[in-house]
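S.K.: this one's sequence-less:
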């Protein structure tokens with residue numbers, strides 16, 4: 001569970017350089033292929049630890065490394081109830097978070113809150129110090145049931161400077177915010193691969209002689225390969241020399257838009273290929289499709305494409321350019 005910690009803290013440093021980031025995305029995809037519910041929690045755990053390592057103090061990172069050795073699990077709760085968003089006033093957190101993945105199971109959630117100046121700040125909630133109320137009847141998803149996405153209410157929970165991670169708005173800094181979304185895409189690409197394997201086995205076992213079914217299978221495989229190709233391409237972008245964080249974010253928007261489109265097409269094709277199996281309660285294919293639908297598509301998809309178009313017009317996105325892994329791995333001057 002400490003894969004993303006640097007070696008000096010006893011970790012493997014995944015996600016901290018070009019090669020390590022690719023390994024991290026592949027790891028998330030592998031977990032997503034096996035179990036999307038588990039992968040969603042795992043991704044948020046890793047994202048929280050990466051953020052803590054990037055913006056936390058040395059003392060905070062050391063504390064986190066010790067907590068990881070004890071088996072504690074981190075998470076991310078950053079989706080506000082629009083009618084009652086979590087805010088901080090005089091060192092107290094109040095408000096409600098929706099889709100609080102792992103509520104009641106994870107040990108230490110990382111929670112975002114707005115301050116009186118409108119800045120977004122991030123805090124660690126350690127349950128032995130800070131209490132919160134979990135509503136199990138709200139924000140439950142039909143799919144990814146084991147992720148336990150309840151709503152959580154904070155009522156004047158006292159925090160101090162040791163609980164806060166990073167400066168104001170660091171949660172929104174680029175390219176780290178875009179990288180979090182790419183990690184989510186890796187999880188979903190793993191689920192897509194699991195669906196493509198089921199589709200292949202379905203055709204192989206009962207419809208190998210049907211050209212229409214072979215065509216549908218090929219369409220699913222094309223989308224799956226395309227999703228993984230985008231993951232591989234995007235994994236190195238953050239680590240290219242002389243690359244602006246906003247430019248990286250624009251490329252990530254393009255990558256995740258392409259991956260989400262591939263997943264949507266593949267689900268549609270798989271439903272036609274599998275027939276009733278795709279909606280048969282308890283079937284592995286139906287569960288994967290339900291999980292993929294429940295976990296996506298990402299918010300503000302149209303805005304993401306608008307950002308891509310704007311960045312392309314400004315010349316901030318490379319078009320058809322090879323990304324040299326050696327260049328990406330080289331330290332910047």
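M.R.: Alright, I've got the coordinates. Since the structure is predicted, the reported quantities are computational estimates derived from the model, not experimental observations.

S.K.: what about the strands in the stretch 1-150 of the chain?
M.R.: 74-77, 79-80, 87-89, 92-100, 108-114, 120-124, 133-135, 150-158 (DSSP state E, counting those that start in this stretch).

S.K.: Paired strands for the second one, with orientation please.
M.R.: It refers to strand 79-80. With DSSP bridges as the test, strand 79-80 is paired with strand 92-100 (antiparallel).

S.K.: what would the strands of the stretch 1-150 of the chain look like in TSV with mean neighbour count, mean pLDDT and distance to residue 175?
M.R.: Glycine gets a C-beta too; all of them are placed from N, C-alpha and C. As requested, these are exported to TSV (neighbours: other Cβ atoms under 10 Å; pLDDT from 0 to 100; distance: least, Cβ to Cβ, whole Å):
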stretch	mean neighbour count	mean pLDDT	distance to residue 175
strand 74-77	24	94	17
strand 79-80	18	92	21
strand 87-89	17	94	26
strand 92-100	21	92	24
strand 108-114	23	95	18
strand 120-124	21	96	17
strand 133-135	13	85	33
strand 150-158	18	89	28
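
S.K.: so which of those comes closest to residue 192?
M.R.: Among the strands of the stretch 1-150 of the chain, the nearest to residue 192 by Cβ to Cβ is strand 92-100 (21.3 Å).

S.K.: picking up where we left off before, turn the strands of the stretch 1-150 of the chain into CSV, including distance to residue 225.
M.R.: Shown next, in CSV, are those (distance: least, Cβ to Cβ, whole Å):
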stretch, distance to residue 225
strand 74-77, 30
strand 79-80, 31
strand 87-89, 45
strand 92-100, 30
strand 108-114, 34
strand 120-124, 36
strand 133-135, 41
strand 150-158, 36
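
S.K.: Show me the one of these that comes nearest residue 307.
M.R.: Nearest to residue 307, of all the strands of the stretch 1-150 of the chain, is strand 120-124, at 18.8 Å by Cβ to Cβ.

S.K.: what about stretch 229-241, average pLDDT?
M.R.: Average pLDDT, stretch 229-241: 84.

S.K.: repeat for stretch 205-225
M.R.: 93.

S.K.: Can you give the contact residues for it?
M.R.: Contact partners of stretch 205-225, identified using Cβ atoms under 8 Å, 6 or more residues apart in numbering, comprise 189, 192-193, 195-196, 199-200, 203, 262-263, 265-266, 269-270, 272-273.
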